[in-house]
Each structure stands twice: as C-alpha cells, then as structure tokens.
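Novice: for reference, the sequence and a predicted model appear below.
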Amino acid sequence: MHARNSTRSARLLRSPLAAFLSAVAVMSVIWVAAGPNSVAEITGDGPFYLAMWSRPGEPTAPPYTYRVLTPWLVRLTGLDAFWGFALVSIVGLAVAGVLLWAVVLRDRTPRHAWLALGLFAFSPAAVYYLADHYRVDPVAFAFLAGVLLLLQRDRLTWAAIVCVVGLLDKEPVLFAAPVVLLLAVRARAWAAAAVVLVGAPALYLVIHRTNLIAHSTGREFPYFTAGNLDAVVRQNGGDVLPALLIALVVGFGPLAVAAALGWRSAGGLLRLWALLLIPFTLSLVIAGDWIRMLAYAAVVFVPIAAEHEWSIAGAALTLGATAVSAIGVQKMPGTWLQALAGAAVIAAYALLAPRRPFSAQPRWAADRLGASGRAGGERRPG
C-alpha cells in the first residue's frame, strides 16, 4: 500500500495537468487578492485592447492594432471584457508557468520543477499582469516559454514557427528569434532557419502593409525617434534615475540573484537563452512602462534559478523574497523609498541565499567532488 501511494505521489508530481491546475488556482488567488480593475478603471494600453475586443476590424492606433491574438482569444471565450481578459490572462500565465516547469523537469527533479512554477507564479511577470489583466503579455509569456521548451526538445522548426506566430500577440516574442536561428544554423536545421528568416519578415509585412490582420489608420509605430524617447522620459516622471532603479529592483528583483546562483548548474541552452536579457533591457529605450518590460526577464531567470540546489529553507526564502518584491515593493509609490526598499530586499536575499541552511551543495560542486574522489580512489594502493 505504501509503495502504491508513493508511486501515485510520484506520478502526481510529474503530472502536467496537476501543475497546470495548481498554477491556475494560485494565480486565481493572486488575481483576487490584487483587486483587479473593472472595465471603467482601465488605463494605459488596456483601452486599446478593449477596443480591439469589442470592435474587431475597426482601426485603432499602432502598435496596439497589430497585437490581435489576445483580443481574438478573449472573443472566443464568449465572456464579457472583465471575465474574458481575466480568463485569458490567468490561463496564459498558467501555461507559461507549466511550460517552464516542464523545461526544468526534463533535467532535474520534480522538486526543482515545482519551485520553478512557484517562482513564476510570484514573479513580477505574473503579479503585474494579474493586477492589470487587460493586457496581451500573459499570452506572450506562454509563447516564449513554449519556444524554450521546443528548443530543449530539439524541435527547432516548431520553435521557429511558435516564435514567428507569437508576433501576432506581441513583439517581444520575436526577441527569441536570434537564439532559434543560432541553434538552427548550428544543427543545420535549414527549415527552422528559413521560418525565422523568411516567415518573420513576411508576417511583419502582412501586418504592417496590408489590412489582412491589422486594421489601422497608421503603419509602423515610430519607436526610434526623438519624440518617442521624450514620451518615454515623460511617462517616467521626467526623472530617469529613480525610475530606472525602481524598474531594476522590481522588474528583476531577487529572481536575478537566484538566477546568478543557479548559473553554474544551468545547461548550455539556458545560458544561451539568457541572451534575451539584452533586448528586454534595451526595450527600456522605446517603451515607457519599464517595470513591465523588465518583468519579461522572468522567463529567463525562473528556469535558471530553479537549477540551483536549494534546501527547503532556501526554496521558501526564494519564493518569499520574490513575492515580497513583486507584490509588496511593486505596490509602493514610485519614489526613492520604493527604490531603497527594493534594493534592501535584494541585498538581504543576496546575503542569505548562498549560505547554509538555504543553499545545499551545488550540483557542479558535487560532480567535481565526486570526480576528485574517483580519481583519488584510482591512485590509492590496493
């Protein structure tokens, strides 16, 4: 009986369905606790996506009009705007979390995988978009996590297809294209390379030069202009330094430290995947909501952080620090106090996390010790 229960528990811990349902449950609780906005309270990008949901085919301003996938999915639910966007956001984030769970489970234990799922659920990426669910980014996170999983499975052509199709939801999905292309060329997977090199520009032209997908009175959004840069600075109150510090301590937060600890245990693919941090960070030049843009780093930090050999106390510390930063610090007024509070959380975590009883022996160190012991054993006289 005990053996049967152990087998059942082991299967449950490896069950994608159990992981998905758990993610949906936790994220639903966070969504309720965050006090989601009603339709009347929508600000920022939300009104544009709401218009695309309610009046598909009618022109709206670029670049929002090109991000059609999430409004389409919300319409397919048949629900009103509040519940439709909430459902798509929660499910999109849960799918992203489960895909990252699957990435970690491929090479590590269920304990590592479930930690990855928990870290994503309490990451700035999930918390931000559960509090303001009229956005397209949750589905974009799922696309990015899907690309990573497919790359890990050596499904390069499918990874390329998912990467390109993700452009229909939001442009940052295409940030993964260089990684896909590099791996495709290395493996001589020319079909995958062609999808990226031909498919992405072709879809871009369809979006920007025809009315087949996007119905817009304008075309390309003028990102790289002095006027847009001025708008970015104005959106951050005209004071760049505190706004940038707040974005870094909240958007990256303790997860960046946890990922640094997991770096030496991470495989080559996850290290290559970390190249996405470059465009995520550079996007601050063209997008005004800096915390939101840096929150994309969760799809990089989470699987790398989960590679570290955490003790139970260390996993709890990492989850707690991530939650405090993403929920508590993020809700503070945007002042120097917020920047200092975020920095204090990161500093305290960085001080505690590498030490016992929070960190167990890293896998690379154990492997090195084992190899040394075996070599020493060979030299020992019989």
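Specialist: Noted; the coordinates are in hand.
Novice: after the biggest helix by length in the chain, heading C-terminal, what element do we hit next?
Specialist: When the chain is parsed with DSSP state H, its longest helix is helix 81-107. Next helix or strand after helix 81-107 toward the C-terminus (DSSP states H and E): helix 110-121.
Novice: what residue ranges in the stretch 201-350 of the chain score low on pLDDT?
Specialist: Applying pLDDT under 70 to the stretch 201-350 of the chain flags residues 214-222, 224, 228, 236-238.
Novice: can you point out the buried residues in whatever helix or strand Val24 lives in?
Specialist: According to DSSP H and E, Val24 maps onto helix 16-34. Buried residues in helix 16-34, counted by 16 or more other C-beta atoms under 10 Å: 19-20, 22-24, 26-27, 30-31, 34. Any C-beta I mention is one placed from the backbone N, CA and C, and that applies to glycine too.
Novice: rank those by pLDDT and give me only the lowest.
Specialist: The lowest pLDDT within the buried residues of helix 16-34 belongs to Ala34, with 84.
Novice: in which helix or strand does the residue nearest the centre of the chain reside?
Specialist: In the chain, the C-alpha nearest the mean C-alpha coordinate belongs to Val299, at 3.1 Å (C-alpha atoms, centre = their mean). Per DSSP H and E, Val299 falls inside helix 298-305.
Novice: what is that helix packed up against?
Specialist: In this structure, helix 298-305 makes packing contacts with helix 81-107, helix 110-121, helix 124-131, helix 137-152, helix 253-262, helix 268-273, judged by 3 or more C-beta pairs under 8 Å, 6 or more residues apart in numbering; DSSP states H and E.
Novice: contacting residues for Leu183?
Specialist: Contacts for Leu183 (C-beta atoms under 8 Å, 6 or more residues apart in numbering) come out as 151, 156, 189, 192, 272.
Novice: could you check how far the second one is from Arg292?
Specialist: Using C-beta to C-beta, to the nearest Å, we find Leu156 at a distance of 30 Å from Arg292.
Novice: neighbour count winner among the two?
Specialist: Neighbour comparison, Leu156 and Arg292: the larger count goes to Leu156, with 25 against 21 (by other C-beta atoms under 10 Å).
Novice: out of the helices and strands packed on helix 298-305, which gets the lowest mean score?
Specialist: In terms of mean pLDDT, the lowest-scoring of the helices and strands packed on helix 298-305 is helix 124-131 (a mean of 91).
Novice: who does that helix touch, helix- and strand-wise?
Specialist: Using 3+ C-beta pairs under 8 Å, 6+ apart as the contact test, the elements touching helix 124-131 are helix 16-34, helix 81-107, helix 137-152, helix 290-294, helix 298-305.
Novice: among these, single out whichever gets nearest to Ala323.
Specialist: helix 16-34 (9.2 Å; C-beta to C-beta).
Novice: relative orientation of that closest one and helix 81-107 in degrees?
Specialist: For helix 16-34 against helix 81-107, the angle by axes from the mean of the first three to the mean of the last three C-alpha atoms, to 10 degrees is 140 degrees.
Novice: what is the subsequent helix or strand relative to helix 16-34?
Specialist: Next along from helix 16-34, by DSSP H and E: helix 46-54.
Novice: mind giving me the packing neighbours of the helix or strand that that following helix is followed by?
Specialist: For helix 46-54, the following helix or strand on the C-terminal side (DSSP H and E) is helix 69-77. On a contact count with 3+ C-beta pairs under 8 Å, 6+ apart, helix 69-77 meets helix 46-54, helix 81-107, helix 137-152.
Novice: helices or strands up against the second one?
Specialist: Okay, so that is helix 81-107. With 3+ C-beta pairs under 8 Å, 6+ apart as the test, helix 81-107 has helix 16-34, helix 46-54, helix 69-77, helix 110-121, helix 124-131, helix 137-152, helix 298-305 packed against it.
Novice: list the buried residues for that helix?
Specialist: Along helix 81-107, these residues count as buried under the neighbour rule (16+ other C-beta under 10 Å): 81-82, 84-105, 107.
Novice: and if you look at stretch 169-183?
Specialist: Of the residues in stretch 169-183, 169-181, 183 count as buried by neighbour count, 16+ other C-beta under 10 Å.
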